[in-house]
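Quick one, structure for this:
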Amino acid sequence: AAELSLYPVPANDVMNVDVALEESQHTEIIILDLKGNPVMKAAAHKDAKYHDAINIASLPAGHYILLLQGEKGTYSKMFVK
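Numbers count the residues shown, from 1 in each chain. This is a model prediction of the structure:
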């Protein structure tokens, strides 16, 4: 299981991401549009817990999916900019 927190919602220029996984693993954050197309690769980590501030200023206003892909699973959460 994983805890994935995104804030603020709606976001303006920066989306804060807090990740807490059961164990360390290589993960990558990808932002998708609602059609499932990747619009941004945000960050890669290998820790079980971390905080990231992702600059999303270049994205137009709309709904997005933040996808956390890890070696042991994939997690997603929707957000609004």
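
Mind telling me what element the most far-flung residue of the chain relative to its centre is part of?
Distance to the chain centre peaks in the chain at Glu23, reaching 17.8 Å (criterion: C-alpha atoms, centre = their mean). Taking DSSP states H and E as the definition, one finds Glu23 inside no helix or strand.

pretty sure it contacts Lys46?
No. Counting by C-beta atoms under 8 Å, Glu23 stays clear of Lys46, with 10.9 Å between them. From N, CA and C alone the C-beta is placed, and that goes for glycine too.

Now the element after the lowest-mean-pLDDT helix or strand in the chain, going C-ward?
Least confident helix or strand of the chain, by mean pLDDT, DSSP states H and E, is strand 38-45 with a mean of 89. Remark: after strand 38-45, the chain's next helix or strand is strand 49-55, criterion DSSP H and E.

List the contacts of that following strand.
13-21, 29, 31, 40, 42-43, 45 (C-beta atoms under 8 Å, 6 or more residues apart in numbering).

among those, which two are most distant?
Between any two of the contacts of strand 49-55, the greatest separation by C-beta to C-beta is 26.7 Å, found for Asp13 and Leu21.

And the residue at minimal distance from the centre of the chain, how far from Leu4?
In the chain, the centroid-proximal residue (C-alpha atoms, centre = their mean) is Leu66; its distance is 3.9 Å. From Leu66 over to Leu4 the distance is 8 Å, taken as C-beta to C-beta, to the nearest Å.

overlap in contacts of these two?
Residues within reach of Leu66 and of Leu4 at once, by C-beta under 8 Å, 6+ apart, are 17, 76-77.

Just give me the closest of those to Gly62.
Nearest to Gly62 among these, with distances taken as C-beta to C-beta, is Lys77, at 15.3 Å.

Does that closest one have any beta-bridge partners, and if so which?
Here Lys77 shows beta-bridge partners Leu66, assigned using DSSP bridges.
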